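Enquirer: Sequence and predicted structure, then a few things I'm wondering about:
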Amino acid sequence: MKKRIIAAVLAGCMCITLLYGCGNSKKADNGKDSLTLFNYGEYIDPDVLDQFTEETGIEIKYEEALTPEEMYTKYKSGAIKYDLMCTSDYMIQKLIDEGELQKIDINSMEYKDNIDQKYWKLSNDIDPGNQYSVPYFWGTVGILYNTKKVKEPIDSWEVLFNHEYSGEIIMQNSIRDLYMVALKYLGYSLNTEDEDELRAAQNLLLEQKADVQAYLVDEARDEVVAENAVMAVIYSGEAYLGEEYNEDLAYVIPKEGSNLWVDSWCVTKYCKNPENAETFLNFLCRDDIAQKNFDYIYYSTPNNAVIDSLPEEDKNNEALVPSEDATDNCEVSKKLPDDTTKLMNYLWKELKAE
Amino acid sequence: MVDRIKDYLSRFYIVFIFIFLYAPILVMIVLSFNASRSRVIWGGFTLDWYTQLFASNEVMEALTTTIILAVASATIATLIGTIGAIGINAMREKNYKLVLAFTNIPMLNADIVTGIALMLWFVRFMPLGFGSVLIAHITFNIPYVILSVMPKIRQMNLSVYEAARDLGANALYAFMKITLPQLMGGIMSGFFMAFTMSMDDFAITYFTKGAGVNTLSTMIYSQIRKGIKPEMYALSTLIFAFVFVILLLVNYVPKMKKRGGR
């Protein structure tokens, strides 16, 4: 009996010391001069973070994730109290709706005018009044194709559906990006909630399936670069890299319009030092910092200072700096109501099972 | 004739299996010297990725964390596991089976379940950080140590220990001089198993790590979106070469010594 009591007491002591020992770091966590960031992988130049700490004395804790859904889950679990998050359009909208974000005093930011008015307007679609988010990078979805293997330059989604390039097409393997193509081709909004429109898109995709070589996400670029396929529906950032590897490739935003995506930074409700967070956001918009990040990431930037300093050939690159005309018909994808999401999931399964 | 065909077929089979096992690694090694970032275009031979690898703070930090974590968790788990195994072995039949079954749970359980459960537990009691990952790794390492130490204990001849005690050795002395040397093989293999498990783990680390703590596996995971960087091919190549050399040494040096000695 005595032995048991001693054992229990010892075990208790061990637990307490363990917890206490690890708990000590808590003070540093919530310290005044530290920020915890949550971002996509490879989505900031690591030097920028060091430079920020050097200039302001604010320590950075940095965490990465792969998809907006994953970010949302990790954020919601409350395991780590993030101060700032960089995520995609519809997820920002969702976070705003759920009251997870703090308003940012954007007007007090010295470098806010570096972000072109056009992008503030664009971001307005998901964040009415531009109160919660600062655009970071953006881009489009379009067709990356091999100019030597097509008869004439492509300008429409039609090439994906007219059976001419049967077996040479790669489509996106994600619900919204896949249905977007069909919806836009049919002239509907990519945020449609209308069942008939979605069914029409479904019929088109079912009919197209025989012509599709594969539904891919990341590997799509390399398949076109290696000339295993003639064309792929692809994100503009990937397309730019593809063009670097193989000079026969070209990227086009089809005239019917496409998806325009924006990744923005926002401040969560857990952030105890909004001034520090604003300092960081302002820092990201500064000319030299935005330039550094652009050189590292090579996605389209909303930062005027960076665009102005680009070499002429990059300025005319559709994948890097899409022209006004090309993005005229493009839309930002919004959060969909649950019913529509369910229907799309069902249609997606039906399509994949076919 | 039939025998020769059989012989040929079995050799072919072995070669076939080895190709499946090692071709992917070979591809990775070749790509680590590729000047182009693309996986499908050969841009010429370069050692750039290797220099960039050692210049990158991010990668070096992740590597250090991974190694410290593996060594620390394996050491602590070996300690706890060995003592635990001895204790369990001394139990009566019923308790013995019960406790052993319990210690096996973290091993049989899916990593993701263990990971999430530990995360929920940690969130309640302590901030996530290096400490939480370490505790998690120790937790899932212990069963592997017990598993490899247990058979050694059962093989052990208890009479030797008793004889030592009879001849006046105290319990600790007898344990250190008699029991421990007999268990050493099991303890070492337990340690290395735990070390490997800790280095390999992704799911549990992912859920229990705090912001700013990255191991190699979680860092590589976050790179997937924009394509894994060739630096990682270089690092993996180095790790592969390191393990390969150690295996060669372990397998050939003792043989050479034997030959040299006689």
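Expert: The structure has been received and is ready for your questions.
Enquirer: C-alpha only now, for contacts and for neighbours.
Expert: OK.
Enquirer: Low-confidence regions, chain A specifically.
Expert: A:1-32 (pLDDT under 70).
Enquirer: quick check: domain ranges of it?
Expert: Domains of chain A are assigned by automatic domain parsing as A:11-138+A:262-322, A:139-259+A:330-353.
Enquirer: Is there proximity between the one helix or strand residue B:246 maps to and chain A?
Expert: If you go by DSSP states H and E, residue B:246 is part of helix B:230-261. No - judged by C-alpha under 8 Å from any C-alpha of the partner chain, helix B:230-261 stays clear of chain A, getting no closer than 13.1 Å.
Enquirer: buried residues in that helix?
Expert: B:230, B:231, B:232, B:233, B:234, B:235, B:236, B:237 (16 or more other C-alpha atoms under 10 Å in any protein chain shown).
Enquirer: Pick the one among those closest to residue B:187.
Expert: residue B:236 (27.8 Å; C-alpha to C-alpha).
Enquirer: Near chain A, which residues of chain B are found?
Expert: So chain B meets chain A at B:38-41, B:58, B:119-120, B:123, B:125-128, B:131-132, B:210-213, B:221-227 (C-alpha under 8 Å from any C-alpha).
Enquirer: Name only those of those that count as buried.
Expert: Here, 16+ other C-alpha under 10 Å leaves B:38-41, B:119, B:123, B:126-128, B:131-132, B:210-213, B:221-223, B:225-227 buried among those.
Enquirer: Now do stretch B:41-61: everything it contacts.
Expert: A:46, A:226, A:245, B:32-36, B:214, B:216, B:230-232, B:234-235 (C-alpha atoms under 8 Å, 6 or more residues apart in numbering or on different chains).
Enquirer: average model confidence for that stretch?
Expert: Averaged over stretch B:41-61, pLDDT sits at 87.
Enquirer: buried ones in that stretch?
Expert: Quick answer for stretch B:41-61 (16+ other C-alpha under 10 Å): B:41, B:49, B:50, B:53, B:59, B:60.
Enquirer: Looking at those residues, which is nearest residue A:104?
Expert: Distances from residue A:104 to these, taken by C-alpha to C-alpha, are shortest for residue B:59, at 33.5 Å.
Enquirer: So for the strand or helix carrying the closest one, what gets flagged as buried?
Expert: If you go by DSSP H and E, residue B:59 is part of helix B:57-89. When burial is assessed from 16+ other C-alpha under 10 Å, helix B:57-89 yields the following buried residues: B:59-60, B:62-63, B:65-67, B:69-78, B:80-82, B:84-86, B:88-89.
Enquirer: which one of the buried residues of stretch B:41-61 is nearest residue A:348?
Expert: residue B:41 (33.6 Å).
Enquirer: sec struct for the closest one, please.
Expert: Put simply, residue B:41 is coil when judged by DSSP: H, G, I helix; E, B strand; the rest coil.
Enquirer: Would you quantify the distance from it to residue B:34?
Expert: Distance from residue B:41 to residue B:34, counting by C-alpha to C-alpha, to the nearest Å: 8 Å.
Enquirer: go on, residue A:219?
Expert: Counting by C-alpha to C-alpha, the gap from residue A:219 to residue B:34 is 18 Å.
Enquirer: and if you look at residue A:113?
Expert: For residue A:113, the distance to residue B:34 - C-alpha to C-alpha - is 42 Å.
Enquirer: more crowded one of the two?
Expert: Neighbour totals were compared for residue A:113 and residue B:34, and residue B:34 leads with 23 against 15 (other C-alpha atoms under 10 Å in any protein chain shown).
Enquirer: any idea which helix or strand comes after the helix holding residue B:59?
Expert: Past helix B:57-89, the next helix or strand by DSSP H and E is helix B:93-108.
Enquirer: by how many degrees do that following helix and helix B:57-89 diverge?
Expert: Interaxial angle of helix B:93-108 relative to helix B:57-89 (axes from the mean of the first three to the mean of the last three C-alpha atoms, to 10 degrees): 170 degrees.
Enquirer: Quick check: which ranges of chain B have low pLDDT?
Expert: In chain B (pLDDT under 70), the answer is B:254, B:256-262.
Enquirer: Helix or strand: which one has the spatially most central residue of chain B?
Expert: What sits nearest the mean C-alpha location of chain B, by C-alpha atoms, centre = their mean, is residue B:196, with 0.7 Å. In this structure, residue B:196 sits in helix B:180-200 according to DSSP H and E.
Enquirer: Output that helix as CSV, restricted to C-alpha atoms.
Expert: Extracted in CSV, the C-alpha atoms of helix B:180-200 (Å, rounded to 0.1, in the frame of the first residue of the first chain):
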residue,chain,number,x,y,z
LEU,B,180,21.9,-4.4,-18.1
PRO,B,181,24.7,-6.0,-20.2
GLN,B,182,22.3,-8.9,-21.0
LEU,B,183,19.6,-6.5,-22.2
MET,B,184,22.0,-4.2,-24.1
GLY,B,185,21.1,-5.6,-27.5
GLY,B,186,17.4,-5.1,-27.0
ILE,B,187,18.0,-1.6,-25.6
MET,B,188,20.1,-0.5,-28.5
SER,B,189,17.7,-1.8,-31.1
GLY,B,190,14.9,-0.1,-29.2
PHE,B,191,16.8,3.1,-29.2
PHE,B,192,17.4,3.0,-32.9
MET,B,193,13.9,2.0,-33.7
ALA,B,194,12.6,5.0,-31.6
PHE,B,195,15.1,7.3,-33.3
THR,B,196,13.9,6.3,-36.8
MET,B,197,10.2,6.5,-35.8
SER,B,198,10.8,10.0,-34.4
MET,B,199,12.6,11.1,-37.6
ASP,B,200,9.9,9.7,-39.8
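Enquirer: Return the list of helices and strands in contact with that helix.
Expert: helix B:57-89, helix B:130-155 (3 or more C-alpha pairs under 8 Å, 6 or more residues apart in numbering or on different chains; DSSP states H and E).
Enquirer: between that helix and helix B:130-155, how big is the angle?
Expert: Using the same axes, to 10 degrees: helix B:180-200 against helix B:130-155 is 140 degrees.
Enquirer: Show me what counts as buried in helix B:180-200.
Expert: B:182-183, B:186-187, B:189-195, B:197-199.
Enquirer: and residue A:60, what does it touch?
Expert: Counted by C-alpha under 8 Å, 6+ apart, residue A:60 has contacts A:34, A:35, A:36, A:37, A:49, A:53.
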